[in-house]
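Asks: here is my input, please return the structure:
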Amino acid sequence: MKGITGYLLSAVALALVGGVLLSAGHLDRDLATALEHVAAQKYDDVEPTYETAEKYYDYGGRLPWVGDGPAHDIRAKHAALHYLQKDYAAVVPQQTDPVGSVAQDNVALQLVIANAVYRTAQSKMKDKETTLAALDQGIASYVAVLKNAPRSEDAAYNFELLVRLRDEVDKGKRKPGPQDLVLKGPDGAAGEPPKMDSSMSDFKIYIPLESQERQDQGVAGKAGAGKRKG
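Replies: Numbering: from 1, shown residues only. Model (predicted):
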């Protein structure tokens, strides 16, 4: 009897493990598809996948051999999804210190939030005073990121970019108001698809020579200008 009970318990345990692995496989497949959609700027079907992944990774983070890494990564990707759609309100936590409210070891999410903080402040730029205030807000956000990750090249680049811009606006070298900046970060740059130039005037078409024409041209570097047949 004890032997049968042991077999049954083992079978149940194996079934549970198999179910977990199957769900994990489906989730990995869905996440791979979501990344493809984000790259193609097709965001409609990505949100449910990220929400589901956050729940699974939150549970998985309680296991010592999993940790918080996967959960941090998916939260950064989820925030980046909203950032790319310019939904900055969904990215920035309703805290006095938005960047400081994020886990210190989730630098990727901190950087997305810092970018969103600046983009939100940027919409309020009208005159010199509001422009400098918005730049100060963005600079403070990147300072908060750099406190947790001093070697973050993207945060350092954005910090220096805004500091230089503030100096130019303050000294009258640049007009105040919203600035067309490309910020670095794991989220990429929010914007629109590239515009294609329909003009073909700059294109030159080269037609390869036929074998007889190549013989008529002679030795490379020694023959004179040949005449194109046809």
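Asks: can you give me the strands in the protein?
Replies: Counting by DSSP state E, the chain has no strands to list.
Asks: without its sequence neighbours, what residue ends up closest to Val112?
Replies: Ala79 (4.4 Å; Cβ to Cβ, 6 or more residues apart in numbering). In this view, the C-beta of every residue, glycine as well, is placed from N, C-alpha and C.
Asks: I'd say that neighbour and Asn106 touch.
Replies: No: at 9.9 Å, Ala79 does not count as touching Asn106 under the criterion of Cβ atoms under 8 Å.
Asks: of those two, who's got more company?
Replies: Neighbours per residue (other Cβ atoms under 10 Å) separate Ala79 from Asn106, with Ala79 holding more: 28 against 21.
Asks: for that one, what are its contacts?
Replies: Neighbouring residues of Ala79 by Cβ atoms under 8 Å, 6 or more residues apart in numbering: Ala90, Val91, Leu109, Val112, Ile113, Ala116, Asp187.
Asks: which one of these sits closest to Val143?
Replies: For those, the minimum distance to Val143 (Cβ to Cβ) is 13.2 Å, reached by Ile113.
Asks: that closest one - how many residues pack around it?
Replies: If you count neighbours by other Cβ under 10 Å, Ile113 ends up with 29.
Asks: from Pro70, how far out is it?
Replies: Using Cβ to Cβ, to the nearest Å, we find Ile113 at a distance of 19 Å from Pro70.
Asks: same check on Leu181?
Replies: For Leu181, the distance to Pro70 equals 32 Å [Cβ to Cβ].
Asks: ditto for Thr52
Replies: Remark: distance between Thr52 and Pro70 (Cβ to Cβ) = 13 Å.
Asks: please parse this structure into its domains.
Replies: With domains defined by automatic domain parsing, the chain comprises 1-85, 88-191.
Asks: right, and Tyr83 touches Leu111 too?
Replies: No: with contact defined as Cβ under 8 Å, Tyr83 does not count as touching Leu111 (10.1 Å).
Asks: the more surrounded of those two?
Replies: Using other Cβ under 10 Å, the more surrounded residue of Tyr83 and Leu111 is Leu111, with 28 against 25.
Asks: check contacts around Gln110.
Replies: Counting by Cβ under 8 Å, 6+ apart, Gln110 makes contact with Val99, Val102, Ala144, Val145, Asn148, Ala149, Ala155.
Asks: now with 6 Å, please.
Replies: Contacts for Gln110 (Cβ atoms under 6 Å, 6 or more residues apart in numbering) come out as Val99, Val102, Val145.
Asks: the first one: neighbour count?
Replies: Just to be clear, that refers to Val99. The burial count for Val99: 24, using other Cβ under 10 Å.
Asks: quick one: it from Ala144, how far?
Replies: On the measure of Cβ to Cβ, Val99 and Ala144 end up 4 Å apart.
Asks: so where do the helices sit in this structure?
Replies: Remark: helices assigned in the chain by DSSP state H are 2-39, 46-60, 69-84, 107-122, 128-148, 153-170, 211-217.
Asks: good, we can wrap up now.
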